[in-house]
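*Asks:* What follows is a protein structure lacking sequence information:
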């Protein structure tokens, strides 16, 4: 009997602070701004970002025919405005370029990517970001 009491007491004290065995519900993530539930305003912003991305590819194709090298964003002439909440990064050297148009307002981190092949890719991030330190 004394051993049973000790085991019960040990079990009871070792379970203090342990979460109950009920299913934990993860915190809700704010909805993505470019999925099936997108607002009209976000669909318009996305369309503007795609227009900008196409214009960057067209401008790079035009400039490489003239100069035989790709150019930084500031040298591409007149491009459509960057939509509200989006950011553009373009890296170019003589033989190649790559760019991203990212929605900084989207919790799912929607982005459009392209390079000197001229194809557009768009998607949201699949996982939490890895930040180099």
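*Replies:* Nice, I can see it. Keep in mind that this is a model prediction, so the values were computed, not measured.
*Asks:* what helices or strands is the top helix by length along the chain leaning on?
*Replies:* Assignment by DSSP state H gives helix 40-67 as the longest helix of the chain. Helix 40-67 is packed against strand 86-92, strand 97-103, strand 111-115, with contacts defined by 3 or more C-beta pairs under 8 Å, 6 or more residues apart in numbering; DSSP states H and E. C-beta: built from backbone N, CA, C; applies to glycine.
*Asks:* now those as a markdown table including mean pLDDT?
*Replies:* Formatted as a markdown table, the helices and strands packed on helix 40-67 follow (pLDDT from 0 to 100):
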| stretch | mean pLDDT |
| --- | --- |
| strand 86-92 | 98 |
| strand 97-103 | 98 |
| strand 111-115 | 97 |
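*Asks:* and of the ones you listed, who's closest to residue 58?
*Replies:* Closest approach to residue 58 among the helices and strands packed on helix 40-67 is made by strand 111-115 (10.9 Å; C-beta to C-beta).
*Asks:* Quick check: neighbours of the following helix or strand past the closest one in the sheet, parallel or antiparallel?
*Replies:* Using DSSP states H and E, the helix or strand that follows strand 111-115 in sequence is strand 121-123. Paired neighbours of strand 121-123 in the sheet (DSSP bridges): strand 111-115 (antiparallel).
*Asks:* Same question for the strand it pairs with: list its buried residues.
*Replies:* Counting neighbours by 16 or more other C-beta atoms under 10 Å, one finds that the buried residues in strand 111-115 are 111, 112, 114, 115.
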